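Enquirer: mind folding the following:
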Amino acid sequence: AFNAASRDSAQVLGEEAQNKEVYKRCGSPLVRYVFEKQGKASCFAYGQTGSGKTHTMMGSPSQPGLYFLAAEDIFAIKKEKGLKDMKIWVSFFEIYGGKLYDL
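Expert: You can find the predicted model right below:
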């Protein structure tokens, strides 16, 4: 995983890494960047079919994915900072077989 928000070098997470660890090291810094620097961020999973991209991003009831963990942080920070009027837009896309799908 590469964290462009802090310009850190690439990080390698093993297959045993849980979604919370992936989020802590890769997603959370992006969420903080958006609020602290008023920037924009993208997070994506890339890999071959069956490598766990959907599980990492979507998760399960027992192991929430990055989408859920990011949403949890975004709304907690919004509330903490008293940003009642702040609007939040989120988009989900999938590229499969060379085609872009708006999820």
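Enquirer: which outside residues touch the longest helix seen in the chain?
Expert: Longest helix of the chain, by residue count under DSSP state H: helix 66-80. Contacts to helix 66-80, defined as C-beta atoms under 8 Å, 6 or more residues apart in numbering, come from residues 19-20, 22-23, 26-28, 30-32, 34-35, 43, 56-59, 64, 86, 88, 90, 92. Where you see a C-beta, it was placed from the backbone N, CA and C, and this is true even at glycine.
Enquirer: show me where this protein has strands.
Expert: Taking DSSP state E as the criterion, the chain carries its strands at 93-96, 99-102.
Enquirer: partner strands of the first one, parallel or antiparallel?
Expert: Note on strand 93-96: by DSSP bridges, its sheet partners are strand 99-102 (antiparallel).
Enquirer: ok, for Tyr46, nearest residue in space, not its chain neighbours?
Expert: Among residues not flanking Tyr46 along the chain, Lys53 sits closest, at 7.3 Å (C-beta to C-beta, 6 or more residues apart in numbering).
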